[in-house]
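Engineer: Okay, sequence plus prediction incoming.
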Amino acid sequence: MDIKQCMEVTKKYYSKWLGEDEILLGDSKGIEYLYSTERNRAQYGYSAAFDLYLFWQKERMVISYGDKAEEWIGRWKDEIRNGMSAAEVKQVLERISGQRAGHGVKYVLTAPPSVSDAGARILVGADYEEYQEFWRRCHPGSGDTGWLRDYFDEMAGEHMCIGVSVGDRLVSCTDAPGMPYMEKEVQEIGISTVAEYRGKGYASAACTKCIDEILRRGRVPVWSTGIENRASRRLAEKPGFSELGEIIYLTM
C-alpha cells in the first residue's frame, strides 16, 4: 500500500460510518445533515447504535442522524453554526437532547513511520502463553479467558500481534479491533502496555512495526482515541499519524 493512498482510503472508511459513500472525499465546506439508516443499527463491535454521528473538521461538519434523533434536528440546525469548535457543537447537542455525547479524534497516516521499531517482533502461535500472561497483567481481576486463544490466533495470523519484551516478559503489544466496514482494506491499531512500562517507548516501537505490517499486507492503518486520552494522541503522532477530524456521537 502506497502511503499516498492512505488519505483517500481513510476518508472512504469514515464516509461509510456517516452513511454515504465517499462523502468526505469532496471539497465541500459548511454543515451537512444526512439522514442514514446506519444510525438505526449497532455497528459491528459495538453494543448500541450511534443515533447521531458527527464528523467535525475545521471548515466542515457532516451530521449523520437516525430515527431517534429526528425530533432534535430542527433545534440543532437553529443553533449549530459554521466556525464552532467541536467542543461547542457538543455542548449544543447535549443541552438540546439532554443526553451525554461521546467525543473522539480520528487519525490518518500521512508519513512513513518516523520512530524505530527496534525490539518489536511479530508474535506467532507458539507465543500464546507469553501473550496470555501479558493480557492478565494488563487486565488484573479478569475472569474466564477461554476465548483468548482463538482471539490471539486470529490476530497472530494477520500479523497484528506485535510485541516488545523486557527480559522474557511481554510488556507492550498491539491488537486488532474489529472493523465494521472495509475490513479487507482498513485496520485500526489497538495497543496495550503493562502500567509500569508506559512512557518508555515500547508502545511506539510496537505500533511502528504494526503500521509497517499493515501497509505491507495491502491495507491502510487507522487510529482513533477519545478526546481526553492525551497519551494515546501523543502516541499516534510519533509514528506518522495526523488528525483527520473529531467525532461527536450520541446514543439515545
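Structural biologist: Okay, I see it. Values in this document were obtained by computation on a predicted structure and should not be read as measured data.

Engineer: can you pull out the strands in the stretch 151-252 of the chain?
Structural biologist: With strands called from DSSP state E, counting those that start in this stretch, the stretch 151-252 of the chain shows them at 162-166, 169-175, 186-188, 190-193, 220-226, 241-250.

Engineer: Tell me which of those approaches Ser232 most closely.
Structural biologist: Closest of the strands of the stretch 151-252 of the chain to Ser232 is strand 220-226, at 3.8 Å (criterion: CB to CB). For the C-beta atoms, the positions are set from N, CA and C on the backbone; glycine is no exception.

Engineer: For the closest one, list every residue counted as buried.
Structural biologist: For strand 220-226, burial by neighbour count (16 or more other CB atoms under 10 Å) applies to Val220, Pro221, Val222, Trp223, Ser224, Thr225.

Engineer: How far off centre is the helix ranked longest in the chain?
Structural biologist: If you go by DSSP state H, the chain has its longest helix at helix 202-216. In terms of CA atoms, centre = their mean, to the nearest Å, the centre of helix 202-216 is set 15 Å apart from its chain centre.

Engineer: Stretch 198-211 too?
Structural biologist: 16 Å.

Engineer: can I have that stretch written out in CSV, keeping just the CAs?
Structural biologist: Output of stretch 198-211 as CSV, limited to C-alpha atoms (Å, rounded to 0.1, in the frame of the first residue of the first chain):
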residue,chain,number,x,y,z
ARG,A,198,4.4,3.0,29.9
GLY,A,199,6.2,6.1,28.7
LYS,A,200,9.4,4.2,27.8
GLY,A,201,8.9,4.0,24.0
TYR,A,202,7.8,0.3,23.9
ALA,A,203,4.3,1.2,22.6
SER,A,204,5.8,3.4,19.9
ALA,A,205,8.1,0.5,18.7
ALA,A,206,5.2,-2.0,18.6
CYS,A,207,2.9,0.4,16.7
THR,A,208,5.6,1.4,14.2
LYS,A,209,6.2,-2.2,13.3
CYS,A,210,2.4,-2.9,13.2
ILE,A,211,2.0,0.0,10.8
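
Engineer: avg pLDDT for that stretch?
Structural biologist: Mean pLDDT, stretch 198-211: 96.

Engineer: which residues are in contact with it?
Structural biologist: With contact meaning CB atoms under 8 Å, 6 or more residues apart in numbering, stretch 198-211 is reached by 109, 113, 115-122, 160, 162-164, 166, 171-174, 189, 191, 193, 221, 231, 235, 238-240.

Engineer: buried set for that stretch?
Structural biologist: Those would be Gly201, Tyr202, Ala203, Ser204, Ala205, Ala206, Cys207, Thr208, Lys209, Cys210, Ile211, for stretch 198-211 by 16+ other CB under 10 Å.

Engineer: could I get those residues as TSV with distance to Val89?
Structural biologist: Compiled in TSV, the buried residues of stretch 198-211 are given as follows (distance: CB to CB, whole Å):
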residue	distance to Val89
Gly201	36
Tyr202	36
Ala203	31
Ser204	32
Ala205	37
Ala206	34
Cys207	30
Thr208	34
Lys209	37
Cys210	33
Ile211	31
